[in-house]
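In: Fold the stuff below for me.
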Amino acid sequence: MTAYLFWHRPFAGVGRDAYEAALTGFHRALVARGCPGFRGSATYRISETPWLDGEAGYEDWNFVESSAGLDPLNRRAVAPDMWEVHAGISGKTEVGHGGIYYHILGEADPRELTRTLWLTRPRGIRYEAPLRALAARVKGPLSVWRKQMVLGPAPEFALLGDSGLALDLPEGWAARSVERSLLQAGEAAG
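Out: Below you'll find the predicted structure:
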């Protein structure tokens, strides 16, 4: 499973209710229309992150079977029948950054999970064994994703869990905890 993540925040004058209505409307329309390889999406209100200039914002997860599903998803998001709903949110968005992640451990569907630990490993080490050891110490649900091709501003690994997710990290590893509140989730038909 691959996910296209999009982090964004509205222009200062856009109210939260208006922004979130446009955002959830876009995701509902995208899921309802679907496209080849698209498995669904989820959008969240998130706490502060450096890649949103240290401010709170939003994080969208768009799930595709593989990277081959990214082209149809991109075309579907801006297709003529999506123009109005896409413009409804894009016209309110001041800052946006995207990234591509793929699932490597744990639960494949992180939609209901409420905390993300964005991890950075020490350079020059293999990540597989240390990451598996870290994951084995987590109590509760866990979904682990890795950045693909160094695309996007966020760290290399996303460990998603519930509100109790916390780790004592080995030397050289760093983590940033981001809280998220689900606004909209849906599975695409097909």
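In: residues in contact with the longest helix that the chain contains?
Out: Under DSSP state H, the helix in the chain containing the largest number of residues is helix 16-33. Applying CB atoms under 8 Å, 6 or more residues apart in numbering, the contact partners of helix 16-33 are 10, 38, 40-43, 45, 58, 60, 62, 76-77, 79, 81-82, 85-86, 88-89, 92, 183-184, 186-188. Where C-beta positions appear, they are placed from N, C-alpha and C, glycine not excepted.
In: Check which residues of that helix are buried.
Out: Of the residues in helix 16-33, those with enough neighbours to count as buried (16 or more other CB atoms under 10 Å) are 19-20, 22-27, 29-31, 33.
In: from those residues, which two are the most distant?
Out: Tyr19 and Arg33 (21.6 Å; CB to CB).
In: And what about Arg9, helix, strand or coil?
Out: Arg9 falls in the strand class when you classify it by DSSP: H, G, I helix; E, B strand; the rest coil.
In: what's the answer for Ala68, then?
Out: Ala68 falls in the helix class when you classify it by three-state DSSP.
In: same check, this time on the one 3 residues further on
Out: Remark: Asp71 carries the secondary structure label helix [criterion: three-state DSSP].
In: How much space separates it from Ala42?
Out: Per CB to CB, to the nearest Å, Asp71 is found 21 Å from Ala42.
In: Compare those two and say which is more crowded by neighbours.
Out: For Asp71 versus Ala42, neighbours defined as other CB atoms under 10 Å are more numerous around Ala42 (24 against 13).
In: Now name the helix or strand holding the more buried one.
Out: Secondary structure here is read from DSSP states H and E; on that basis Ala42 sits in strand 38-49.
In: Now that strand: buried residues?
Out: Neighbour-count burial for strand 38-49 flags 38-47, 49 (criterion: 16+ other CB under 10 Å).
In: how about a markdown table for the buried residues of helix 16-33, with distance to Leu159 and pLDDT added?
Out: Conversion of the buried residues of helix 16-33 to a markdown table gives the following (distance: CB to CB, whole Å; pLDDT from 0 to 100):
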| residue | distance to Leu159 | pLDDT |
| --- | --- | --- |
| Tyr19 | 28 | 98 |
| Glu20 | 26 | 98 |
| Ala22 | 30 | 98 |
| Leu23 | 25 | 98 |
| Thr24 | 26 | 98 |
| Gly25 | 30 | 98 |
| Phe26 | 27 | 98 |
| His27 | 24 | 97 |
| Ala29 | 31 | 97 |
| Leu30 | 26 | 97 |
| Val31 | 26 | 97 |
| Arg33 | 32 | 95 |
